[in-house]
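> Okay, predicted coordinates and the sequence, questions at the end:
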Amino acid sequence: MKRSGPLFTLLAGLVLGLFMLSLNATTGEGTSSYEEAPAAKVTPSASASPSKSPEPSKSSKSSEPSEASPTRTARAKTSYAGRTDDDTSAISISVRGDKAIAYFCDGRSKESWLKGNVEDDGAMKLSGKHGAKLEGRLAGDRVRGTTTIDKHPYGFTAKKAVKPSGLYRATTEVRGAKIDGGWIVLPDGRQVGIVRRDDKPSAAPRIDPESGAVTVDGDRLTARPVTP
């Protein structure tokens with residue numbers, strides 16, 4: 001009986017140790033070797049739709065150069081000569097660039113010098129003394145229009161004149177008298193003109209179309225082509 005005491009004590013201690021070990025295994029909290037990482041925050045990504053390119057700024061004025069305004073037609077010196085529609089008078093027009101000068105003459109006593117501008121489209125408006133005026137249009141090789149002299153309108157057509165046809169004038173003084181003569185040489189060779197002596201009109205003598213030479217009251221003069 002004496003030997004059972006220590007054995008009983010040993011067994012009781014063993015049982016107690018096993019009990020404590022079992023208790024620790026079932027109720028103890030073990031520590032984890034890592035911590036759960038917090039959930040990642042999702043940041044809003046850039047829009048999946050393609051980005052719009054910036055619209056070009058609208059300027060109040062176009063960057064393209066404005067269309068140049070049309071310049072006046074360059075015209076070389078050209079003469080035109082013809083008769084009025086009623087065949088009572090002749091008319092000649094000399095044009096250079098945008099300027100024109102015209103002469104109306106009936107070959108006896110009625111005449112008028114007129115001048116003015118020619119537009120890009122060939123339209124012309126000329127004016128002279130005592131309300132004389134001419135309105136016409138240059139088209140191709142002729143001028144068609146109306147001239148009004150002493151309040152009387154005359155329709156006319158003047159065709160391009162090839163030298164020696166055209167418009168001539170001579171201005172000088174002969175024995176104290178002022179001489180002013182105008183001549184229209186028509187394409188068929190006919191001449192129509194008036195010479196004024198101290199402002200008194202009379203039919204003009206013929207000129208030499210090649211040289212412009214003419215004799216007035218016994219004196220030899222030179223009629224020269226008229227240029228605007």
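Right, received. Where do you want to start? Residues are numbered from 1 along each chain as shown.
> Show me what the helix or strand where Lys160 lies packs onto, helices and strands only.
Of the helices and strands defined by DSSP states H and E, Lys160 is found in strand 152-161. Packed against strand 152-161 by the contact rule (3 or more Cβ pairs under 8 Å, 6 or more residues apart in numbering; DSSP states H and E) you find strand 78-84, strand 90-96, strand 142-149. Glycine gets a C-beta too; all of them are placed from N, C-alpha and C.
> what's the closest of the ones you listed to Val214?
Proximity to Val214 (Cβ to Cβ) singles out strand 90-96 among the helices and strands packed on strand 152-161, at 16.5 Å.
> how close does Gly193 sit to Glu135?
24 Å (Cβ to Cβ, to the nearest Å).
> correction: Val118
In terms of Cβ to Cβ, Val118 sits 12 Å off from Glu135.
> Looking at the two, which one has more neighbours?
Set Val118 next to Glu135 and count neighbours by other Cβ atoms under 10 Å: Val118 wins out with 25 against 15.
> can you tell me how far that one sits from Leu138?
Distance, Val118 to Leu138, by Cβ to Cβ: 6 Å.
> intersection of neighbour lists for the two?
Contact with both Val118 and Leu138 is made by residues 95, 124, according to Cβ atoms under 8 Å, 6 or more residues apart in numbering.
> How about residues contacting stretch 166-176?
In contact with stretch 166-176 (Cβ under 8 Å, 6+ apart) are residues 79, 81, 92-94, 101, 103, 161, 179-185, 193, 197, 207, 212, 214, 216-217, 219, 221-226.
> what's the model's confidence in that stretch, averaged?
Averaged over stretch 166-176, pLDDT sits at 93.
> quick revisit: give the intersection of the neighbour lists for Val118 and Glu135.
Counting by Cβ under 8 Å, 6+ apart, the common neighbours of Val118 and Glu135 are Met124.
> Neighbouring strands - and their directions - for the strand holding Lys160?
Using DSSP bridges, the strands paired with strand 152-161 are strand 78-84 (antiparallel), strand 142-149 (antiparallel).
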